[in-house]
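>>> Got a sequence here, can you build the structure:
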Amino acid sequence: MTLPPELPEPLVPLSWLIGTWVGVGVVGYPTMADARFGQEVTFATDGRPFLSYWSRSWLLDDAGERVRPLATEAGFWRPRPENKVELLLAHPTGYAEVWVGEVTVTGIVDATITGARVELHTDAVMRTESAKDYSGGTRLYGLVDGDLLYRYDMAAVGQPLTAHLSATLKRA
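Okay, here's the model as predicted:
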């Protein structure tokens, strides 16, 4: 991927995320049945030193067809000094989260990032009165062989931090 010429220097460690990614994952939790889902995620820059983020997902049937919408989230990835990153997320189900973490670049070929990961954990979770109980989580995003892989573990509805979903997404 060629970096946009207007890319602010603080975004370079996150530049591998820029673009739209689509793919399939699995979701489950002790309080729900396991299922397959489809997802589309977009990371974008308007030239300022942050990435905007939008994610939509759908429950899939056995044939891989969309059954109904699942989760939607939107936010901003904010690079910080020393490879730190902050992530602000909002969900229409009544949550707002602040995540903190670190970016690690694991491979560069011809000035292009070929391997990287971001490890995040919640710093704060705010929820509306009507939102389900949710207290925090961890997220791991990685660039592996050109694909975006990620995992999300959460603590919610009386359960401790537990695997919730994972997916493999390809650049659209």
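
>>> where in the chain is pLDDT low?
Filtered on pLDDT under 70, the chain yields the residue ranges 1-4.

>>> At which residues are the strands of it located?
In chain order, the chain shows strands spanning 19-29, 32-44, 51-60, 66-80, 84-91, 95-109, 112-127, 134-144, 147-156, 162-171, with DSSP state E as the criterion.

>>> Distance to residue 8 and mean neighbour count for those - can I get that in JSON lines?
In short, each C-beta sits where N, CA and C put it, glycine included. Written out in JSON lines, the entries for those read as follows (distance: least, CB to CB, whole Å; neighbours: other CB atoms under 10 Å):
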{"stretch": "strand 19-29", "distance to residue 8": "17", "mean neighbour count": "16"}
{"stretch": "strand 32-44", "distance to residue 8": "13", "mean neighbour count": "16"}
{"stretch": "strand 51-60", "distance to residue 8": "10", "mean neighbour count": "17"}
{"stretch": "strand 66-80", "distance to residue 8": "9", "mean neighbour count": "15"}
{"stretch": "strand 84-91", "distance to residue 8": "14", "mean neighbour count": "17"}
{"stretch": "strand 95-109", "distance to residue 8": "15", "mean neighbour count": "16"}
{"stretch": "strand 112-127", "distance to residue 8": "16", "mean neighbour count": "17"}
{"stretch": "strand 134-144", "distance to residue 8": "20", "mean neighbour count": "18"}
{"stretch": "strand 147-156", "distance to residue 8": "21", "mean neighbour count": "18"}
{"stretch": "strand 162-171", "distance to residue 8": "22", "mean neighbour count": "17"}
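
>>> Of the ones you listed, which is nearest residue 9?
Put simply, out of these the one that sits nearest residue 9 is strand 66-80, at 9.3 Å, with distance taken as CB to CB.

>>> Which strands or helices does that closest one pack on?
Under the contact criterion of 3 or more CB pairs under 8 Å, 6 or more residues apart in numbering; DSSP states H and E, the helices and strands touching strand 66-80 comprise strand 32-44, strand 51-60, strand 84-91.

>>> Reformat the ones you listed as a markdown table; add distance to residue 23.
What follows is the helices and strands packed on strand 66-80, written out as a markdown table (distance: least, CB to CB, whole Å):
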| stretch | distance to residue 23 |
| --- | --- |
| strand 32-44 | 6 |
| strand 51-60 | 10 |
| strand 84-91 | 20 |
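
>>> Cool, thanks, talk later.
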